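*Asks:* Just a sequence and a predicted model for now, questions to come.
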Amino acid sequence: MSNLLGLEVKKIVETTPEEVDRVQNWINTEEYREKNFARQALVINPAHACQPLGAQLAAHGFEGTLPFVHGSQGCASYYRSTLNRHFREPAPAVSDAMTEDGAVFGGQNNLHEGLENAVALYKPKMIAVFTSCMPEVIGDDLTAFIKNARQKGHVPKDMPVPYANTPSFNGTHIHGYDSMLVSILQNLTEGKQIEGRCTGKLNLIAGCDFNTGDYREYKRILTEFGIPHTVLADISDSFDSPCDGHYHIYAGGTKLEDAADSINGKATITLGPYATPKTFSFIKDNYSGKHVSMPMPMGIEKTDAFIMKVAELFGKEVPASLKNERGRAVDAITDAHQYIHGKKFAVYGDPDYLLGYVSFLLEMGAHPHHILCSRGSKKLEKELQALLDGSEFGKGCKIYMNKDLWHLRSLLMTDPVDAIIGDSHGKFAARDAKIPLFRFGFPIFDRVNKHRYPIIGYQGAVNMLTEICNKFIDIKDETCEDRDFELMR
Ligand code: SF4
């Protein structure tokens, strides 16, 4: 082998093709799986992103809001490019680009200069500040820095500047989402509660959900009910805006005045209990009306629970259109269940998605055989186990908390399944195991328009089911003997 200059490169270690084969086979064995699961200090390909990325998602859900990263520019590029690749839309955000001097002397100067430039250049209505690891490690005091910025006139007096500490060495993108969202709501609703006022609206929080179709689906369901609503942190237009030949830096988001008035709502529902515990606790303590935290409505049972809760909160009958929609979803399941029934799946992802996948699969008579979360908790494990125990299809299924996608690969090679549900990062394990990967989570980099197809509600159940069953039929068509190649499937 020669390098760019045409000189011979001497290999430090010569690996024979036999040795490559031996190791390739060995990593598929039980023996290797045991060693892999004994791993303590190292994480390989975790199924989560870092806290600030979730904070940025929450910030994009509000009108005219500029996400502002206090910290390293490289980190900011990572969140932006990850969101950009998933949605195939711009994810405009700025960074105060802390470097070595900021790390030594603190990042206040960077923050102040950055805020002033951001106001002048991008004219936001609100700036949502969150941190990367570096200012968290050195202990930058955001509260004091932002107070000083106001006093020195770096930001206009009336401009909201909510901020969140989002240290990535502790937690994942769902925790950053929660911290940013609660800070935004605390900031916008401060002093806005009016005695005796009720907006008559339902406030809905979708949780750290990266599917723009889900937000539209929630709004459609509530419109069918005739219930006025405010979806808080609504990213549907921010990341799925029309192509009209112009660039809109702030393409959508919840109106700031609606978010401020949400404190006077008739009821508030959050549909991502694991992604919004701090937000929900703030709402419970401060918002008027009723407060509900419930799982993402994935599959029929969880969608029923959501629809019934909405009906109960507003004293309304479930509209005929939604009842019909449910009936059509059940019909779709009846038509398709034979292609998914009895199939074994490996599933991984964020806790709220994971509960939805497991519940959906059990309803379809499939087995969520390996359930893996790379940042889970005892509470999540108990909730997943309760789902498994409540269904005959949950027998023999196992939960793996705080394991990564390299652990998942060992599971797939030693205890095979028919398919995986997760995000794009699982494609390597899926390829090695020669099984399909159904991409429903985040991020999805290698398929198009997935975020436009809801996975919640009755329509979401039909979408997931259709994609999964048709793939299994494709596989049958592609792999069967000629004599079994049938028109009907
Ligand atoms: S983990 Fe920390 S250092 Fe890495 S991208 Fe996230 S914020 Fe930056």
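*Replies:* Sure thing, it's come through.
*Asks:* going forward, measure contacts and count neighbours with C-alpha atoms only.
*Replies:* Will do.
*Asks:* Leu232 pairs with what?
*Replies:* In this structure, Leu232 has beta-bridge partners Ile205, where bridges are defined by DSSP bridges.
*Asks:* Tell me who's in contact with it.
*Replies:* Contacts were defined as Cα atoms under 8 Å, 6 or more residues apart in numbering; by that measure Leu232 touches Gly61, Phe62, Asn203, Leu204, Ile205, Ala206, Thr254, Ala259.
*Asks:* One more: Phe442?
*Replies:* Neighbour list for Phe442: His86, Phe210, Gly349, Gly422, Asp423, Ser424 [criterion: Cα under 8 Å, 6+ apart].
*Asks:* rerun at 6 Å
*Replies:* Remark: with contacts taken as Cα atoms under 6 Å, 6 or more residues apart in numbering, Phe442 is in contact with Asp423.
*Asks:* thinking again about what came up before, so which of the contacts of Leu232 wins on neighbours?
*Replies:* Ranked by neighbour count under the definition other Cα atoms under 10 Å, the contacts of Leu232 are headed by Phe62 with 28 neighbours.
*Asks:* do you know how far the closest residue in space to it that isn't next to it in sequence is from Thr414?
*Replies:* With sequence-adjacent residues excluded and distances taken as Cα to Cα, 6 or more residues apart in numbering, Phe62 is closest to Gly253, at 4.0 Å. Taken as Cα to Cα, to the nearest Å, the spacing of Gly253 relative to Thr414 amounts to 46 Å.
*Asks:* State the helix or strand in which Phe345 lies.
*Replies:* Phe345 is located in strand 344-348, with elements delineated by DSSP states H and E.
*Asks:* In its sheet, which strands sit next to that strand, and in what direction?
*Replies:* Under the rule (DSSP bridges), strand 344-348 has strand 367-373 (parallel), strand 419-422 (parallel) as partners.
*Asks:* Return the nearest residue of the stretch 301-450 of the chain with respect to the ligand.
*Replies:* Arg375 (14.1 Å; Cα to the nearest ligand atom).
*Asks:* what about the nearest residue to that residue once chain neighbours are set aside, neighbour count?
*Replies:* With Cα to Cα, 6+ apart as the measure, Asn402 is the residue that lies nearest to Arg375, at 4.9 Å, once sequence neighbours are left out. The burial metric for Asn402, expressed as a neighbour count using other Cα under 10 Å, is 15.
*Asks:* where does Asn402 fall, phi/psi-wise?
*Replies:* For Asn402, the backbone dihedrals (degrees, to the nearest 10) come out as phi 60, psi 40.
*Asks:* count of residues packed around Gly54?
*Replies:* The local packing count at Gly54 equals 27, with neighbours defined by other Cα under 10 Å.
*Asks:* my guess is it is in a helix, correct?
*Replies:* Yes: in this structure, Gly54 lies within a helix as judged by DSSP: H, G, I helix; E, B strand; the rest coil.
*Asks:* got a list of what it touches?
*Replies:* For Gly54, the set of contacting residues under the criterion of Cα under 6 Å, 6+ apart consists of His173, Ile174, Gly176, Tyr177.
*Asks:* redo that, cut-off 8 Å
*Replies:* Taking Cα under 8 Å, 6+ apart as the contact definition, Gly54 lies against Thr172, His173, Ile174, His175, Gly176, Tyr177, Asp178, Cys208.
*Asks:* Just the buried residues from these, in ChimeraX please.
*Replies:* A single ChimeraX command selects the buried members of the contacts of Gly54 (16 or more other Cα atoms under 10 Å):
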select :172,173,174,175,176,177,178,208
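*Asks:* Could I get the contacts of Gly54 in TSV, plus columns for pLDDT and distance to Glu392?
*Replies:* Output for those, formatted as TSV (pLDDT from 0 to 100; distance: Cα to Cα, whole Å):
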residue	pLDDT	distance to Glu392
Thr172	97	33
His173	98	33
Ile174	98	31
His175	98	33
Gly176	98	37
Tyr177	98	35
Asp178	98	35
Cys208	98	31
